[in-house]
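build the 3D model from these lines:
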Amino acid sequence: MAAPQDVHVRICNQEIVKFDLEVKALIQDIRDCSGPLSALTELNAKVKEKFQQLRHRIQELEQSAKEQDKESEKQALLQEVANHKKQMLRKTTKESLAQTSSTITESLMGISRMMSQQVQQSKEAMQTLVTSSRTILDANEEFKSMSGTIQLGRKLITKYNRRELTDKLLIFLALALFLATVLYIVKKRLFPFL
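The predicted structure follows:
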């Protein structure tokens, strides 16, 4: 019959192997993850949880190794614990790489969102420029139309001024002729002998 310590050691070893496989599967899922940032963050959290469970089981195995009566079994278990710690150290490096990958992905997604906002702002600025250009062209056309009207008005005013001068000259000549006629008539009536 197996001693309770042997059963406990066997269970710890089985759970360590189970957690090790689960961590490897999760790390592969992280590598294959192309989904949203939330999925990547969730996978990272699961990896951390499995690492905590793995560390706990390795510590239990180490404690069981220290409690062994036979020195040969004690050394064998301590060697196994050292191997598990070494493997866990390599997986911790993978975990940190996965975390770094997650951080980089998050940064890239942030940059992508900022670029999208900049593109949207550029579109809006371009639309504003197009609208402003159209308004300026309309104003320019209206200015040309007004310029033509102003030129026509200037010509009409010049023509009116010339006509006014001509009318004043004609009125002056008519008045002079009238006065000359009145003087002639008065002279003939008052001084008929002259």
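
switch to C-alpha atoms for all contacts and neighbour counts from now on
Will do.

residue boundaries of the strands in this protein?
Read by DSSP state E, the chain holds no strands at all.

give me the residue at the spatial middle of it.
Q117 (1.9 Å; CA atoms, centre = their mean).

just the pLDDT for that one.
Per-residue pLDDT puts Q117 at 90.

kindly report the same for the one 4 residues further on.
Here, the pLDDT recorded for Q121 equals 93.

quick one, what contacts it?
Counting by CA atoms under 8 Å, 6 or more residues apart in numbering, Q121 makes contact with nothing.

ok, it to R31 distance?
34 Å (CA to CA, to the nearest Å).

do Q118 as well
Q118 is 30 Å from R31, by CA to CA.

packing partners for the helix or strand of the chain with the lowest mean pLDDT?
Within the chain, no helix or strand scores below helix 4-32, which has a mean of 75 by mean pLDDT, DSSP states H and E. Here helix 4-32 touches helix 37-66, helix 71-190, going by 3 or more CA pairs under 8 Å, 6 or more residues apart in numbering; DSSP states H and E.

return the distance of the longest one from the chain's centre.
If I follow you right, that is helix 71-190. Helix 71-190 sits 21 Å away from the centroid of its parent chain (CA atoms, centre = their mean, to the nearest Å).

now do it against helix 4-32, angle only.
30 degrees (axes from the mean of the first three to the mean of the last three CA atoms, to 10 degrees).

flag the shaky bits of this protein, pLDDT-wise.
1-6, 35, 91-102, 194 (pLDDT under 70).

state the phi and psi torsions of K70.
Phi and psi for K70, reported as degrees, to the nearest 10, are phi -80, psi 130.

ugh, wrong one, F191
Torsion angles, degrees, to the nearest 10, at F191: phi -120, psi 70.

could you count how many residues lie near it?
Applying other CA atoms under 10 Å, we find 9 residues neighbouring F191.
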